[in-house]
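Visitor: One predicted model, sequence on top.
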Amino acid sequence: DRLFHVLLSPQYLPAMRRRSSDSLGDTATNLGTAMDELMRHQPTLRQDAMTAIIKLLKEVCIMGEDDNVVVQNMSVSGDMTDRGDEKGDGSDEDDEVVMRRAAKVSAENSAAEVMPSPAGSSNAKQSLPLMEYVYNVVRFIDAILSNNATDDHCKEFVKQGGLEPLIKIPSLPNIAIQFASSRACMDVAITLKDILTLSQDGTVIVQCFNQVNLLIKQLEPMYNPTSQSYLVNELARSSTPTQPYNSAKSTPLLHTITALESYTTLLISLCKVGQRNFQVDMRTVCIGMWGSGQGMDLITKLSHLFTAIVWENSLLALLCPPHNHTLDREDLQRLQEAIGPNPVIKLKGKERKDKSPPHIRLIRPLWQAVDRLRKHLQAFLSVLCKLSCGHTRVRRTMGNKPLPSAHQSDIAKQVIKFVVNGLTWRPPNIPDIHPRVSLLSMIDHIGLSGHILYSESQQPYHLMLLEFDRANGLQALVNCYEWSAAIPKQDNKDLVPGSGEFMVAWLTLMKKLIDVKQVTESSHSLPSQTVPPSNQYKQFEFEPVHFLAKSHKFAFEVI
């Protein structure tokens, strides 16, 4: 316990920071590698060592949930490097001098660690470098678990319940909202991916399912679309509207959204494990977990969440430049009253240089957080489709293309249902809503359809096109266009605001669906017909010519 606690000690924190030019790696990784060697030479230490490691993780979780802890403003979005090489091309300064300098900075931070508590409170606020603690602890654990290709350490870690505190880290209330883009989040994802690869057990994915379900439930109040932004209203009602990042209790929706962004990053990383050519077993495990009832249920919940996030994103986008639609907005008026005429806004990084009005400077980070979650959900569904439809290079090495499994078919149907529900969803009939909000929402749903039906190289997935056709996706796309054309014009204008962007998105997707060469020559095709035809083959019988004829027919009807 004493040895491992150096990872959570401010006195030893300077020793954890190593120069990026050090080819031996960072200190936490080196300690983990040494600990792995010790446990392999003395196997009797494994159980006690894992108990101490899990205790260390739980202490990190306690720090992250403590109301009296304030996270220090330390960035881990890039390399966790020391300032020792500021002199340029690899300073030869003695390590002891660097350590003394870092210790001096740490002492200065420690002097300001005790912050005054609110009136009537007996507990003082303590400032801790929680993000750096997470980074060091996770790097230490990953080095122990993945230093060798054997699974003995990994199984002991999972057996003693180490997954629960590890997966819980991104949802801790005191974790910074920039955690999803930090190096620490990437290391959590890498550690979970290594555990999944070594254990070949879907427990990691199930634990992620449970955490995501909890977060989605917290965002259910946003499922009822209104003309007012939920995040702006939350910020206006918070006790510290000029400091939106500080407290998860003041802005719970914002912190839940950023936590869900982190978990989406974890799910993307875990799905990519099954895409590797040499890990067919892992692909089977991933597909089996997402094709299970729990996986199907989560995809359905993500569908409802995506619709709510898209609507919130459109509302916030309209408030920020270049739109600046601020007329008759009750949420904006409430926010302006809360922050006062001359607010002192405490933001970070590039946001400090923003010369926009105070309320816009507060709203823009909210919009960016929601937009990042939207993009992460879109990227996750794209990776999930690639996983379920198989990899081109894997199929070429196998000769005859195998038929999709039952789980692959279920995933494809559920994801296409996700897409078609988005295309058939219609914004609420709210009298004072700007038409651009509705059109921006539908543009996002159309953009999602393109990412689901086509790969990064713009090759269509025939399995997805088959399910899209069976779910009447083409008709839903045409109905979406007819809905946009029926939106009443305002102020005697020829075009509804936002209709141009909508038509570009709609025509771009329709152009792909009627492209003869793309559809017929796709490398993601389904297996050819067997002789004699089998009932299993008929389930996946896809004729590109018939699909093209139908898509051309719908396109000509629209014209």
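Guide: Okay, I see it.
Visitor: where in the stretch 301-450 of the chain is pLDDT low?
Guide: By pLDDT under 70, the low-scoring segments of the stretch 301-450 of the chain are 323-329, 340-356, 391-400.
Visitor: go on, the chain?
Guide: For the chain, the ranges with pLDDT under 70 are 1, 17-25, 73-124, 244, 274-279, 323-329, 340-356, 391-400, 490-493, 529-537.
Visitor: can you give me the strands in it?
Guide: 69-71, 114-115, 125-128 (DSSP state E).
Visitor: Relative to the whole chain's centre, how far out is stretch 429-441?
Guide: The chain centroid and the centroid of stretch 429-441 are separated by 27 Å under Cα atoms, centre = their mean, to the nearest Å.
Visitor: Which residues does that stretch contact?
Guide: Stretch 429-441 has contacts (Cβ atoms under 8 Å, 6 or more residues apart in numbering) with 225-227, 310-311, 313-315, 317-318, 323, 325, 328, 427, 484, 487, 490, 496-499, 501-502. No exception for glycine: its C-beta is placed from N, CA and C like everyone else's.
Visitor: now stretch 550-559
Guide: 469, 474-475, 477-478, 481, 510, 513-514.
Visitor: Go again with 6 Å.
Guide: Defining contact as Cβ atoms under 6 Å, 6 or more residues apart in numbering, one finds that stretch 550-559 is touched by 474, 478, 481, 510, 513-514.
Visitor: how about those in TSV, adding neighbour count and distance to residue 446?
Guide: Below are the contacts of stretch 550-559 laid out as TSV (neighbours: other Cβ atoms under 10 Å; distance: Cβ to Cβ, whole Å):
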residue	neighbour count	distance to residue 446
474	21	13
478	18	12
481	18	10
510	19	9
513	25	12
514	18	15
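Visitor: Could you list which of these belong to helices?
Guide: The helices, defined by DSSP state H, take in 474, 478, 481, 510, 513 from the contacts of stretch 550-559.
Visitor: Residue 549 versus the last one, what's the distance?
Guide: Per Cβ to Cβ, to the nearest Å, residue 513 is found 12 Å from residue 549.
Visitor: give the contact list for the residue nearest to residue 366 when sequence neighbours are not counted.
Guide: Distances taken as Cβ to Cβ, 6 or more residues apart in numbering place residue 231 nearest to residue 366, at 4.5 Å, with adjacent residues excluded. Contacts here follow Cβ under 6 Å, 6+ apart; on that basis residue 231 touches 253-254, 366.
Visitor: So of the ones in helices among the contacts of stretch 550-559, which two are at opposite extremes in space?
Guide: The distance between the two most remote of the ones in helices among the contacts of stretch 550-559 (Cβ to Cβ) is 12.7 Å, for 481 and 513.
Visitor: ok now stretch 482-489, how far from the chain's centre?
Guide: On Cα atoms, centre = their mean, the centre of stretch 482-489 falls 34 Å from the chain's centre.
Visitor: Buried by neighbour count: which residues of it qualify?
Guide: Going by neighbour count (16 or more other Cβ atoms under 10 Å), the buried part of stretch 482-489 is 483-484, 487.
Visitor: Tabulate those residues in CSV, adding columns for distance to residue 193.
Guide: Putting the buried residues of stretch 482-489 into CSV (distance: Cβ to Cβ, whole Å) gives the following:
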residue, distance to residue 193
483, 42
484, 42
487, 45
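Visitor: Can you tell me which of those residues end up in helices?
Guide: 483-484.
Visitor: Tell me the one among the buried residues of stretch 482-489 nearest to residue 360.
Guide: Of the buried residues of stretch 482-489, the one sitting nearest to residue 360 (Cβ to Cβ) turns out to be residue 487, at 27.1 Å.
Visitor: which residues does the closest one contact?
Guide: Contacts of residue 487 (Cβ under 6 Å, 6+ apart): 435, 496.
Visitor: Tell me how far the residue nearest to residue 47 when sequence neighbours are not counted lies from residue 49.
Guide: The shortest distance from residue 47 to any non-neighbouring residue, by Cβ to Cβ, 6+ apart, is to residue 156 (6.5 Å). Distance, residue 156 to residue 49, by Cβ to Cβ: 9 Å.
Visitor: Quick one: residues contacting the nearest residue in space to residue 423 that is not next to it in sequence.
Guide: Closest residue in space to residue 423, ignoring its immediate chain neighbours: residue 476 at 4.1 Å, by Cβ to Cβ, 6+ apart. Counting by Cβ under 6 Å, 6+ apart, residue 476 touches 420, 423-424.
Visitor: what number of residues lie near the residue lying closest to residue 468 once chain neighbours are set aside?
Guide: In space, and not counting its chain neighbours, residue 468 is closest to residue 416: 5.3 Å by Cβ to Cβ, 6+ apart. Other residues near residue 416 come to 24 when the count uses other Cβ atoms under 10 Å.
Visitor: Hmm, residue 471 and residue 416 touching each other?
Guide: Yes - applying Cβ atoms under 6 Å, one finds residue 416 in contact with residue 471, separated by 5.2 Å.
Visitor: And for residue 48, the neighbour number?
Guide: 11.
Visitor: same thing with residue 166?
Guide: 24.
Visitor: same question, residue 71
Guide: 21.
Visitor: Ok, residue 232 next?
Guide: Using other Cβ under 10 Å: residue 232 sits among 25 other residues.
Visitor: what do you get for residue 268?
Guide: The burial count for residue 268: 18, using other Cβ under 10 Å.
Visitor: ok, residue 411 - contacts?
Guide: 290-291, 388.
Visitor: hmm, try it at 8 Å
Guide: Here residue 411 is in contact with 287, 290-291, 295-296, 299, 384, 387-388 (Cβ under 8 Å, 6+ apart).
Visitor: Next, format these as CSV and append distance to residue 54.
Guide: Shown next, in CSV, are the contacts of residue 411 (distance: Cβ to Cβ, whole Å):
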residue, distance to residue 54
287, 30
290, 28
291, 31
295, 27
296, 32
299, 31
384, 31
387, 30
388, 34
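Visitor: Farthest pair within those residues?
Guide: Longest span within the contacts of residue 411, Cβ to Cβ: 296 and 387, 14.6 Å.
Visitor: Mind jotting down where the helices sit in the stretch 251-400 of the chain?
Guide: 252-273, 280-290, 293-319, 330-339, 358-389, 392-397 (DSSP state H, counting those that start in this stretch).
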